[in-house]
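A.B. asks: from the sequence below, what's the structure:
(one chain, ligands or ions: 1)
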Amino acid sequence: MTTPRIPRQLYGIIGYPLGHSMSPLLHNWGFELLGEQAAYMAFPVAPEKLAEFICCARMLPVSGLSVTIPHKQAVMPLLDAVTPRAQAAGAVNTLFYDDGKLTGDNTDVYGFLHPLDSCGTAHAAALVLGAGGAANAVLAALTARGMCNVTVTNRNGDRARILAERFGVRCVAWEERHAVDADLVVNTTPLGMAGDRQAQTPLDPAFFSSRPAGLAYDLIYNPAQTFFLASAQAAGWRVLNGLDMFVAQGAEQFRIWRGRELPFAQARALIADALASGC
Ligand code: NAP
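C.D. replies: Down below sits the predicted model:
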């Protein structure tokens, strides 16, 4: 058997633990569909090995990387450059080479806005639950859209205060979150995720039934319907899970790396089917 003499390019995801990331499925499917000579692999990298890994990646034929928990902020000082949108979001989820410089970008902001823009409805007031990396991207997105009435709340109040100051939004104590009036509620906590936290929710169902219906947006996509979304829907709210965001942020990474568009509906169906079959 002969090895084809075609330049191949390597991409991957770094995080720790990586669990069962859907990113390899998405990108490898895209490479095959579009006839790209490239492959995407999962690289579990422990926090204490991050600097060493980035150093090695610079010497290897790695053309781009996705970055996930817990490296989204820690990787920033290890890069040659950071795009303005990653700077605004305070975190990086995509690495690529720009004129030989290892550069960090953030496609979570784009991913978060993609389904929200498709909904086409304006919201008067937003409540963001959580103050981690994803909340950073959500606040960057909402403030970039010019939304003025935004409140952030978090179990660890200091983290919420730092974010509120950074984005010029309001902050309330976690214990006070049910008193906030909002017609867009975004869950950026892992409460409700498949596994140990599936039965949990960041908001009491009475929150939804006690105010006019709006949009409940959960960044979680596994399970497709969390308790948070089910209780919002039961109270007449529209609901959105994190699947479209995941596919949109991945498609944007693909565009950065290969300059080509992934067909969104097909990519979404691929991931939805894989999740439904428990892959
Ligand atoms: P992270 O940086 O670890 O932040 C997690 C946040 O959740 C923190 O604010 C944390 O509060 C809060 N939290 C954790 N356990 C909690 C609990 N028991 N009670 C109340 N609050 C709790 O994680 P992340 O990167 O922001 O990701 C958060 C979620 O978003 C995950 O479910 C992830 O899968 C999802 N996500 C989805 C997409 C997508 O494309 N759909 C993209 C990014 C992230 P403390 O500060 O008090 O610890």
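A.B. asks: just the residues contacting the strand or helix carrying residue 152, thanks.
C.D. replies: Assessed by DSSP states H and E, residue 152 sits inside strand 149-154. Residues from elsewhere that reach strand 149-154 (Cβ atoms under 8 Å, 6 or more residues apart in numbering): 124-131, 135, 139, 142-143, 160, 163-164, 167, 169-174, 176-177, 180, 182. C-betas here are computed from N, CA, C, even on glycine.
A.B. asks: neighbours around the closest residue to the ligand within the stretch 101-250 of the chain, how many?
C.D. replies: Here the residue of the stretch 101-250 of the chain nearest the ligand is residue 132; by Cβ to the nearest ligand atom that distance is 1.9 Å. Here the number of neighbours of residue 132 (other Cβ atoms under 10 Å) works out to 19.
A.B. asks: and the gap between the closest residue to it other than its chain neighbours and residue 45?
C.D. replies: In this structure, residue 132 finds its nearest non-sequential neighbour in residue 188, 6.5 Å apart by Cβ to Cβ, 6 or more residues apart in numbering. Distance of residue 188 to residue 45, given as Cβ to Cβ, to the nearest Å: 23 Å.
A.B. asks: of those two, who's got more company?
C.D. replies: Remark: of residue 188 and residue 45, residue 188 carries more neighbours, 26 against 23, as counted by other Cβ under 10 Å.
A.B. asks: mind pulling the model confidence for that one?
C.D. replies: Turning to residue 188, the model gives it a pLDDT of 97.
A.B. asks: make sure it is actually in contact with residue 135.
C.D. replies: Yes - when contacts are counted by Cβ atoms under 8 Å, residue 188 is listed as touching residue 135 (4.3 Å).
A.B. asks: what are the buried residues along the helix or strand where residue 97 lies?
C.D. replies: Using DSSP H and E, residue 97 maps to strand 94-98. Under the neighbour-count criterion of 16 or more other Cβ atoms under 10 Å, strand 94-98 has 94-96 buried.
A.B. asks: okay, these in CSV with pLDDT and distance to the ligand next?
C.D. replies: Shown next, in CSV, are the buried residues of strand 94-98 (pLDDT from 0 to 100; distance: Cβ to the nearest ligand atom, whole Å):
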residue, pLDDT, distance to the ligand
94, 98, 12
95, 98, 16
96, 98, 18
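A.B. asks: closest to residue 54 out of these?
C.D. replies: Nearest to residue 54 among the buried residues of strand 94-98, counting by Cβ to Cβ, is residue 95 at 8.4 Å.
A.B. asks: is the residue nearest to the closest one when sequence neighbours are not counted in a helix, a strand, or coil?
C.D. replies: In space, and not counting its chain neighbours, residue 95 is closest to residue 65: 4.2 Å by Cβ to Cβ, 6+ apart. Assigned by DSSP: H, G, I helix; E, B strand; the rest coil, the conformation of residue 65 is strand.
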